[in-house]
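1. Mind looking at a prediction? Sequence and model below.
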Amino acid sequence: MDRAIAIDVKQLCKSYERHKAVDDISFQVYAGEIFGLLGPNGAGKSTTLRTLITLLHPTSGSAAVFGHDTVREADTVRMLIGYVPQERAIDRFLTGREHLELLGALYHLSKTEAAKRIDELLTLVELNAHADRPAKTYSGGMKRKLDIACGLLPNPKILFLDEPTLGLDVQSRLRIWEYVRMLKTRGLTVVMTTNYLDEADQLCDRLAIIDGGKIKTLGSPAELKIALGGDIVSLTLKETDRTAGLEAVLKDQPAITSVRTTDKGLDIRVESPEKALPAILDSANRLGCNIEFIQYNRPRLDDVFIAHTGRAITESVPETGST
């Protein structure tokens, strides 16, 4: 059975003077899934998201939300979506409840409807016991939960989250993940941007890796990892001055598909660890390379990112105008 399409993006471009923040990207988001845009700062994630929520007009191409064009039918699209921005728009002197009441008035909700919805949301994000405290007394995690409640107030079909756990401690991040999963079980479609590999791996049903304004690959985390076609043997070397020589020798070995230099040594993708490991150890011994540590693991999402972009996500340099 065909899945309902919540978002349909076709050849979308967004340019600023001579810089292309988003460069000819196409993808679809299915209703009821958690879809992620994964990439470093400056990749084009937030520009894409802001185009989808009608804050930006594309230079070319199109985007539709439940069949409604984000430019021609912007007012209709806004009635279908909720948005939690990266930058918190919280007044530290207002209480949690007052934030939601103010937003309810902006959405033209009746007082009765707003009160009912606010009580439901405060319970949903576990802020009902703190609802009448000033926001300045909230922890970072509590403020983010209030952000999410604000995004849910209009009862949207799609919730857009821009870097939902940026700057939060580990415990708060895990709690936000729980809420995002819960929203999916309630039938909500969630679109999120992130530059956290673990977040994309744990939360997203499917994700698009975006870099330099282009989508490099798209699929479920499991599919993307399997598609690499090999496991990883990581070597930590005592003297890294011989890394280049070892890399050159290993690239010619039949059981090895690729070799990449790291800060500590080499990451080697292999077809079979049993076949490749003897060749790796023999080559290192012949070249006089002292191996300090060997680690073996299945492909990870950071391996996927490296394979498709040529660098680790933390190695990217931010660019002005596309986040």
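-> In hand now; what should we look at?

2. show me what contacts G141?
-> L168, D169, Q171, S172, R175, I176 (CB atoms under 8 Å, 6 or more residues apart in numbering). (Each C-beta comes from the backbone N, C-alpha and C, glycine too.)

3. Who are the contact partners of the residue nearest to it when sequence neighbours are not counted?
-> Distances taken as CB to CB, 6 or more residues apart in numbering place S172 nearest to G141, at 3.0 Å, with adjacent residues excluded. Residues near S172 by CB under 8 Å, 6+ apart: S139, G140, G141, R144, T165.

4. possible to save those residues as a markdown table with pLDDT?
-> A markdown table is the format used below for these (pLDDT from 0 to 100):
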| residue | pLDDT |
| --- | --- |
| S139 | 89 |
| G140 | 87 |
| G141 | 88 |
| R144 | 89 |
| T165 | 90 |
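
5. Who wins on neighbours among those residues?
-> Ranked by neighbour count (other CB atoms under 10 Å), the contacts of S172 have R144 at the top, with 26 neighbours.

6. wait, isn't that one in contact with I176?
-> Yes. Using CB atoms under 8 Å, R144 is in contact with I176, at 5.8 Å.

7. any residues in contact with both of those two?
-> Contact criterion CB under 8 Å, 6+ apart; residues shared by R144 and I176: P164, T165, L168.

8. quick check, nearest of these to P299?
-> For the shared contacts of R144 and I176, the minimum distance to P299 (CB to CB) is 23.9 Å, reached by T165.

9. May I have the phi/psi pair for the closest residue to the closest one other than its chain neighbours?
-> Of all residues beyond its chain neighbours, the one nearest T165 is R173 (4.2 Å), with distances taken as CB to CB, 6+ apart. Dihedral pair for R173: phi -60, psi -50, per degrees, to the nearest 10.

10. what about R173, neighbour count?
-> Look at R173: counted by other CB under 10 Å, it has 21 neighbours.

11. Go through the contacts of G141 and flag which are in helices.
-> Among the contacts of G141, the members found in helices (DSSP state H) are Q171, S172, R175, I176.

12. circling back: how about the contacts of S172 in a markdown table, adding secondary structure?
-> Listed next are those as a markdown table, based on DSSP: H, G, I helix; E, B strand; the rest coil:
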| residue | secondary structure |
| --- | --- |
| S139 | coil |
| G140 | helix |
| G141 | helix |
| R144 | helix |
| T165 | coil |
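
13. For I280, state which of those is nearest.
-> After measuring the contacts of S172 against I280 - CB to CB - the closest member comes out as T165, at 37.6 Å.

14. how close does the closest one get to T193?
-> 11 Å (CB to CB, to the nearest Å).

15. Same check on R311?
-> For R311 relative to T193 (CB to CB), the value is 19 Å.

16. repeat for T240
-> The value you get for T240 to T193, if CB to CB is used, is 35 Å.

17. The two: which is more packed in?
-> Comparing T240 with T193 by neighbour count (other CB under 10 Å), the higher total belongs to T193, at 25 against 16.

18. For A244, give me its contacts.
-> Contacts of A244 (CB under 8 Å, 6+ apart): T261.

19. picking that back up, just the buried residues of the ones in helices among the contacts of G141.
-> S172, R175, I176 (16 or more other CB atoms under 10 Å).

20. re the thing from before, quick one, grab the pLDDT at the residue nearest to T165.
-> You'll see R173 listed with a pLDDT of 89.

21. helices or strands up against the one helix or strand I280 maps to?
-> Using DSSP states H and E, I280 sits in helix 273-286. Under the contact criterion of 3 or more CB pairs under 8 Å, 6 or more residues apart in numbering; DSSP states H and E, helix 273-286 touches strand 231-237, helix 243-250, strand 256-261, strand 265-270, strand 291-297.

22. The same query, at a cut-off of 7 Å, please.
-> strand 231-237, helix 243-250 (3 or more CB pairs under 7 Å, 6 or more residues apart in numbering; DSSP states H and E).

23. where along the stretch 1-150 of the chain do the helices fall?
-> For the stretch 1-150 of the chain, the helices defined by DSSP state H, counting those that start in this stretch occupy 45-52, 74-80, 96-106, 111-124, 140-152.

24. Among those, single out whichever gets nearest to L287.
-> helix 45-52 (41.8 Å).
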